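K.L.:
Kindly return the folded structure for what I paste below:
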Amino acid sequence: MTAAPAGGKWPGKISLLLSDVDGTLVTKQKVVTPRAQAAVKKLAEAGIAFTVTSSRPPRGLAHLIEPLNLQLPIGGFNGGGLMHPDGSVAESLMLAPDAAHEAFRITLKHGLDPWVYTLTEWYVRDLEAPHVAREAFTITFPPHVTTDFEAALNNCGKIVACGDDYDAVRACNAELDQVLAGKASATRSQAYFIDITHPQSNKGTMVETMSRLLGIPTSEIACIGDMANDILMFEKAGLSIAMGNAADEVKSKAKLSTTTNEDDGFAKAVEHYLLGMEN
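P.N.:
This is a model prediction of the structure:
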């Protein structure tokens, strides 16, 4: 990784910037700052396309479309659920029902709380469980409370295994990796939960998907993020930028770095690396 110097635009051609959302594009209060909005507008003026990818469900990204004037498909479920700006589904990768049921069982075995997402809805066991309220605030719509997950697991885009016992989260992640190898992808986009998705539903695949849809090489795609689930994206894109709030493991996988999401790190990276502006 290279720390941000005082000046200097990235020398390679960039045709698309692909951005993570939480911890990157938005602040801790889930706000897109005026400077970040202006940076996305400047990208368009410079002929550089822009879209977002996140572990959130596609519906949980819809509120970003208007303020950022998004024109391309947005990638929910780490890229496994692509939604056009008009709300229609572009492409989707759903968990196989047997994998979804097994992931649900393993989550419960480790004492974690399972949340189940379809393309448009999400389901929980307890509205008062830890982090449910925060998730509803983040994705901008509430869950359904149920004890019967059968239908949702048979039409599942993502399961979240959530809990504040980080040892249990790590142990659950390890068992998911072992038992569901090739059947599901299990990655952490927050320290307290695991995103369980289709095995090809990851941000590296999102880079390849946008390359295919736009007809550009992956070398012309820049990406920016802050968590472990962004590393696959870093590995596929021509330019990778780590946020200042990223863990050292994530920073070590990126070509460049910027400041934190509380210090307009997204906007500064756009201005500095992609547009050649002075910060």
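K.L.:
which residues does the closest residue to D113 other than its chain neighbours contact?
P.N.:
With sequence-adjacent residues excluded and distances taken as Cβ to Cβ, 6 or more residues apart in numbering, D113 is closest to C162, at 4.6 Å. Bear in mind the C-beta positions are built from the backbone N, C-alpha and C, glycine included. The contact partners of C162, by Cβ atoms under 8 Å, 6 or more residues apart in numbering, come to 112-115, 129-131, 192-194.
K.L.:
Now render those residues as JSON lines, adding distance to C223, pLDDT and neighbour count.
P.N.:
Formatted as JSON lines, those follow (distance: Cβ to Cβ, whole Å; pLDDT from 0 to 100; neighbours: other Cβ atoms under 10 Å):
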{"residue": "L112", "distance to C223": "29", "pLDDT": "98", "neighbour count": "23"}
{"residue": "D113", "distance to C223": "30", "pLDDT": "98", "neighbour count": "19"}
{"residue": "P114", "distance to C223": "29", "pLDDT": "98", "neighbour count": "22"}
{"residue": "W115", "distance to C223": "26", "pLDDT": "98", "neighbour count": "23"}
{"residue": "A129", "distance to C223": "32", "pLDDT": "96", "neighbour count": "16"}
{"residue": "P130", "distance to C223": "30", "pLDDT": "96", "neighbour count": "14"}
{"residue": "H131", "distance to C223": "26", "pLDDT": "97", "neighbour count": "18"}
{"residue": "Y192", "distance to C223": "24", "pLDDT": "92", "neighbour count": "17"}
{"residue": "F193", "distance to C223": "22", "pLDDT": "90", "neighbour count": "24"}
{"residue": "I194", "distance to C223": "22", "pLDDT": "95", "neighbour count": "27"}
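K.L.:
and those residues, which two are the farthest apart?
P.N.:
A129 and I194 (15.4 Å; Cβ to Cβ).
K.L.:
Check the contacts of C162 against R59 and report the nearest one.
P.N.:
W115 (14.1 Å).
K.L.:
A strand includes that closest one, no?
P.N.:
Yes: applying DSSP: H, G, I helix; E, B strand; the rest coil, one finds W115 inside a strand.
K.L.:
any low-confidence regions in this structure?
P.N.:
Within the chain, the segments meeting pLDDT under 70 span 1-7, 279.
K.L.:
Just want the most central residue of it.
P.N.:
S54 (2.1 Å; Cα atoms, centre = their mean).
K.L.:
Next, find the distance separating S185 from H110.
P.N.:
18 Å (Cβ to Cβ, to the nearest Å).
K.L.:
of these two, who's got more company?
P.N.:
S185 (27 against 20; other Cβ atoms under 10 Å).
K.L.:
Alright, calling it a day.
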